[in-house]
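A.B. asks: this one's structure only:
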DNA sequence: TCGTCCGGCGTTTTT
DNA sequence: CGCCGGACGA
């Protein structure tokens, strides 16, 4: 029996309201995950609902994993067995793997990422002749937008999204068509298709939607403010046979509209799901009151939001601080100086985060941290599977799994060099078009197309075919190691790079790849196919991999300062938060000021930043800043200018040491220059 | 096929 | 100010 007595009243109501549509408006730090885990545990343990009937959907693997772990702690793994907790995308893949043949795809489809998409779009634009040249990025994002609105290429021209006068839309139509044809031919689907095809499946075969809806009698969606049109339609499909839908979210933390997230999904919930029960979680367990006061006053300026006021039982005298700095150098020096002081007095660096609007702002801080030899990590950056070596090996696995995948095939055709260059490739592409077969088939059927290339072609085809059977018979990591061996891939890397350090780094990536295959096959045992392995890698974010690799315990942060964007910080908390560059044209960003739209979302971003801090919030802005090489005068962000906000923050001018007494200022200057000399001395 | 030069542009990015 | 992508030349 699970006791809900540890929950506060609204949390408890949320955990106990099981039937019908429920919207849990969970303010920042209000114990959302706790509420959800107790809700599920309560359903299973107290109400006797089978875990097989429960579906929990989140956006990140991390969130899904965390939820699972916490439910395991409450219920134990035996009682939790059969529970489905996954991301939107992995749920989509799971459904498609079973049903995609209904849409005319083979089961062994490949999943294309951004760079694969770009490659096809580039190709499509080459074929499209017009006087104008087109920006492939604009077209790429338009196709993405269309897919996320659930609009197929066949329907595009009949929608309001198509403007007959606009040459860009005509180009987009052409590229979209070409793109879809290619994906079909390669037996590949893209990231957006994972959701789009699932939705198409539900549209075309309502009985399939009903089947899943009957299986999942109780559905929970996390971070509902970030759902887009497709995800909404997917949810509608899954609730065809009942309306036991519980969504959790916070409209004030909706910061992903540029990726298609539609805040109206959460704002209109009770319109879409009549009879919905709305529960507000407003008690915050994270921050001291002055920080929440600031957060409330900043966000209440937004119109068109659900009224919420965060409060906590942690009063404090410490007001949030706003520092005015001379320029970016000064900003980073003062911040890092402050961090060093914290470290010097025995403070833990894992308690500190430096947050910023855009990645470029990290550079100055990073440099300063390095100079002061303060350990740090930067969140974000390149994903594991985007590394060149990993992509190469993944392309091998992809071709072995799905030889129709021409993009992957072309990537590895001459890696390592085997004398099959572009001339040979072109000949085979022509042959393939002529005979209407795929590239792999073309090579296999006529290896002697160019007699001088017969041997390498035959060897290559043989290699792929050999490994098709190896991978069926032997464990994943064993076949993979053999593949790397047979292709002399490591020797190839060694030849590619001049510096030994580079070679070492790349080889480490390869080793990490093998290790992840090993872990994967250990975990999934019999069901560890190479397709599911590649899928897993693509659907996984970089942080998952870090966690997988290091096997560290999550509760204790390492003794390192964390640097990240405001976007990446959502959901996290730190004792001390430095929010840097709270400045017009940064937060809100220049582009949104110019467009006059999206200022609300910038304000929400500011709100997200503020609510990350538990005990100490320090915000900064600069008087001057070098923009594209030119010094420019800067102003404090409008978000901190209102009459309501000013009295509850402490603003200090750090350029004049105005935060110190005269005596202290003298000492500080002395220390500062002493410190500077030491750093330069190194 | 690769290197180099010039012009344009410059956010955020859970999968 | 720098990076990236396209164009063009060796």
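C.D. replies: The structure has been received and is ready for your questions. Just so it is clear, the model here is predicted, and its values are computed rather than measured.
A.B. asks: Give me the mean pLDDT for the helix or strand hosting residue A:210.
C.D. replies: Using DSSP states H and E, residue A:210 sits in helix A:206-215. Averaging pLDDT along helix A:206-215 gives 97.
A.B. asks: Going by neighbour count, list what's buried in the longest helix anywhere in chain A.
C.D. replies: Using DSSP state H, we find that the single longest helix of chain A is helix A:500-524. Within helix A:500-524, the residues scored as buried using 16 or more other Cβ atoms under 10 Å are A:503, A:506-507, A:509-510, A:512-514, A:516-521. In this view, the C-beta of every residue, glycine as well, is placed from N, C-alpha and C.
A.B. asks: Just after it, pick out the following helix or strand.
C.D. replies: helix A:530-538.
A.B. asks: which residues sit against that following helix?
C.D. replies: A:93, A:108, A:110-111, A:113, A:384-385, A:390, A:394, A:397-398, A:400-402, A:471, A:476, A:479, A:516-517, A:520-521, A:524 (Cβ atoms under 8 Å, 6 or more residues apart in numbering).
A.B. asks: Could you do stretch A:505-523 as well?
C.D. replies: Residues contacting stretch A:505-523 (Cβ under 8 Å, 6+ apart): A:384, A:387-390, A:393, A:475-477, A:480-481, A:484, A:489-490, A:493-494, A:496-497, A:528, A:533, A:536-537, A:545, A:548-549.
A.B. asks: do stretch A:252-270 as well
C.D. replies: A:21, A:23, A:27-28, A:144-145, A:148-149, A:224-229, A:232, A:247, A:249, A:251, A:272, A:276, A:278, A:299, A:302, A:304-306, A:308, A:566-567, A:570, A:598, A:601, A:604-605, A:607-608.
A.B. asks: Who are the contact partners of the residue nearest to residue A:138 when sequence neighbours are not counted?
C.D. replies: Among residues not flanking residue A:138 along the chain, residue A:168 sits closest, at 6.7 Å (Cβ to Cβ, 6 or more residues apart in numbering). With contact taken as Cβ under 8 Å, 6+ apart, residue A:168 is in contact with A:134, A:138-139, A:142.
A.B. asks: Most neighbours out of the residues you listed, which is it?
C.D. replies: Most neighbours among the contacts of residue A:168, by other Cβ atoms under 10 Å: residue A:139, with 23 neighbours.
A.B. asks: If you count contacts, what does the helix or strand encompassing it end up packed against?
C.D. replies: Assigned by DSSP H and E, residue A:139 belongs to helix A:136-148. Here helix A:136-148 touches helix A:114-127, helix A:167-185, helix A:191-204, helix A:229-238, going by 3 or more Cβ pairs under 8 Å, 6 or more residues apart in numbering; DSSP states H and E.
A.B. asks: Let me know the pLDDT of the residue nearest to residue A:138.
C.D. replies: 80.
A.B. asks: what's the distance between it and residue A:128?
C.D. replies: Using Cβ to Cβ, to the nearest Å, we find residue A:168 at a distance of 11 Å from residue A:128.
A.B. asks: any common contacting residues for those two?
C.D. replies: residue A:134.
A.B. asks: still on that earlier bit, list the buried ones in the helix or strand following the helix holding residue A:210?
C.D. replies: The C-terminal neighbour of helix A:206-215 among helices and strands, as given by DSSP H and E, is strand A:218-221. Residues of strand A:218-221 classed as buried by neighbour count (16+ other Cβ under 10 Å): A:218-221.
A.B. asks: partners of strand A:218-221 in the sheet?
C.D. replies: In the sheet, strand A:218-221 lines up against strand A:54-58 (parallel), strand A:245-249 (parallel) (DSSP bridges).
A.B. asks: next SSE after the first one?
C.D. replies: Heading C-terminal from strand A:54-58, the first helix or strand you meet, by DSSP H and E, is helix A:61-75.
A.B. asks: hmm, back to that, give me the contact list for the helix holding residue A:139.
C.D. replies: Here helix A:136-148 makes contact (Cβ under 8 Å, 6+ apart) with A:117-118, A:121-122, A:125, A:156, A:161, A:168, A:171-172, A:175-176, A:179, A:190, A:192-193, A:195-196, A:228-230, A:260.
A.B. asks: following it, which helix or strand shows up next?
C.D. replies: Going down the chain from helix A:136-148, the next helix or strand is helix A:153-156, by DSSP H and E.
A.B. asks: now that next one: mean pLDDT?
C.D. replies: 93.
A.B. asks: Contacts for that helix, please.
C.D. replies: With Cβ under 8 Å, 6+ apart as the test, helix A:153-156 has contacts from A:146, A:162, A:172-173, A:176-177, A:180.
A.B. asks: if we go to 7 Å?
C.D. replies: A:146, A:162, A:173, A:176-177, A:180 (Cβ atoms under 7 Å, 6 or more residues apart in numbering).
A.B. asks: Serialize those to CSV and add fields for neighbour count, distance to residue A:49 and pLDDT.
C.D. replies: Output for the contacts of helix A:153-156, formatted as CSV (neighbours: other Cβ atoms under 10 Å; distance: Cβ to Cβ, whole Å; pLDDT from 0 to 100):
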residue, neighbour count, distance to residue A:49, pLDDT
A:146, 22, 39, 89
A:162, 16, 46, 89
A:173, 19, 48, 89
A:176, 23, 44, 91
A:177, 14, 46, 91
A:180, 18, 41, 92
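A.B. asks: quick one: pLDDT of residue A:428?
C.D. replies: 86.
A.B. asks: Quickly note the distance from it to DNA strand C.
C.D. replies: When distance is defined by Cβ to the nearest atom of the strand, to the nearest Å, residue A:428 is 24 Å away from DNA strand C.
A.B. asks: where's the closest residue to that residue other than its chain neighbours, which helix or strand?
C.D. replies: Nearest residue to residue A:428, sequence neighbours excluded (Cβ to Cβ, 6+ apart): residue A:442, at 4.9 Å. Assessed by DSSP H and E, residue A:442 sits inside helix A:439-445.
A.B. asks: list the contacts for the closest residue to DNA strand B within the stretch 51-200 of chain A?
C.D. replies: Going by Cβ to the nearest atom of the strand, DNA strand B is nearest to residue A:89 of the stretch 51-200 of chain A, at 3.0 Å. Residues in contact with residue A:89 (Cβ under 7 Å, 6+ apart) are A:194, A:539.
A.B. asks: mind checking how far it is from residue A:113?
C.D. replies: For residue A:89, the distance to residue A:113 equals 12 Å [Cβ to Cβ].
A.B. asks: For residue A:602, give me its contacts.
C.D. replies: Residue A:602 touches A:587-589, A:592, counting by Cβ under 7 Å, 6+ apart.
A.B. asks: returning to that earlier point: any buried residues in the host helix or strand of the residue of the stretch 51-200 of chain A closest to DNA strand B, and which?
C.D. replies: Assignment of secondary structure by DSSP H and E places residue A:89 within helix A:88-99. Of all the residues in helix A:88-99, those buried under the rule 16+ other Cβ under 10 Å are A:88-93, A:95-96, A:99.
A.B. asks: gap between it and the chain center?
C.D. replies: Offset of helix A:88-99 from its chain centre (Cα atoms, centre = their mean, to the nearest Å): 18 Å.
A.B. asks: All good on my end, thank you.
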